[in-house]
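Enquirer: A predicted structure for the sequence below; I have some questions about it.
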Amino acid sequence: MKRLLTFIYGIIAYLIFFITFLYLIGFVENLIVPKSLDSNGNGNFIVALLIDLGLIGLFGLQHSGMARPRFKQWWDKIVPKHLERSTYVLLASLMLILLFWQWQPLGGIVWQISNPTLIYIIYGISAVGWLIVLASTFLINHFDLFGLRQVYLYFIGKEYINLEFQTIGLYNYIRHPLMLGFLIAFWATPTMTITHLFFAIGMSIYVIIAIYLEEKDLIDIYGTLYEEYKERVSMLIPRIL
């Protein structure tokens, strides 16, 4: 029963993540969802700005802070190791849900493209960004990244084995295609409002900080293997030569 409940917990955490990810697309693209990035706002600009800054900071603190090895060492004393990843994914999803709920639009337009053809092209570029994000998770190992592999192995009574370091597909050309996908999706918009610009800048800063911290951890784990990879492959923009 304990193994079954663990497996169910992992599935629920994953489903919450997946629904949250779909909502994130609608939130950023201002499509379908009841409250999006540029929904109408009535509050004070400075207050709204501070709230939005706090929401981005809180998400970044949770998402990056909980991924650090030192935190994991402490966290594993509270949460069983086979549930650590699922719990991390669940909490990250809840941080995004909080951001969706409390986000305060700032109004104003930085640029607006009216040409229908260009609008479709830009939306297409944004869609490519989201596809790169999703594809990158499968190149890493989608089910391990979001905790399903861990709870499944525990359910069938097998010991969890860390994945070997390997570079597949896009990872042969850039070290962080997943982050590149997010950056493309966040910045490719035919209507750039002040709200959207603030969100894109805030998330871009977080992405750079997250990459820096993650690569320090990867060097500690894989040593010269990752250092050689870092020398050979660029971070976000493929090298032409």
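Expert: Cool, got the structure.
Enquirer: M66 is in contact with L91, isn't it?
Expert: Yes - with contacts defined as CB atoms under 8 Å, M66 counts as touching L91 at a distance of 6.9 Å. In short, each C-beta sits where N, CA and C put it, glycine included.
Enquirer: and what about L236, helix, strand or coil?
Expert: coil (DSSP: H, G, I helix; E, B strand; the rest coil).
Enquirer: strands of this structure, start to end?
Expert: Taking DSSP state E, the strands of the chain run over residues 109-112, 191-193.
Enquirer: quick check: mean pLDDT of the last one?
Expert: Per-residue pLDDT over strand 191-193 has a mean of 92.
Enquirer: what does stretch 87-104 give?
Expert: Mean pLDDT, computed over stretch 87-104, is 94.
Enquirer: do the same with stretch 198-215
Expert: Averaging pLDDT along stretch 198-215 yields 93.
Enquirer: contact partners of it?
Expert: Contacts with stretch 198-215, where a contact means CB atoms under 8 Å, 6 or more residues apart in numbering, come from 28, 37, 49, 52-53, 56, 59-60, 63-64, 67-68, 106, 175-176, 179, 182-183, 186-187, 226, 230, 235-236.
Enquirer: show me the contact partners of the helix or strand of the chain with the lowest mean pLDDT.
Expert: Taking mean pLDDT, DSSP states H and E as the measure, the helices and strands of the chain show their lowest mean at helix 69-75, namely a mean of 85. Under the criterion CB under 8 Å, 6+ apart, residues 65-66, 84, 217, 220 lie in contact with helix 69-75.
Enquirer: pull out the buried positions in that helix.
Expert: The neighbour-count check on helix 69-75 (16 or more other CB atoms under 10 Å) flags K72 as buried.
Enquirer: and if you look at stretch 49-62?
Expert: By 16+ other CB under 10 Å, the buried positions in stretch 49-62 come out as 49, 52, 55-56, 59-60, 62.
Enquirer: and if you look at stretch 116-124?
Expert: So, applying 16+ other CB under 10 Å, buried residues of stretch 116-124: I122.
Enquirer: tell me how many other residues crowd the residue lying closest to T195 once chain neighbours are set aside.
Expert: With sequence-adjacent residues excluded and distances taken as CB to CB, 6 or more residues apart in numbering, T195 is closest to L106, at 4.4 Å. The burial count assigned to L106 is 21, neighbours taken as other CB atoms under 10 Å.
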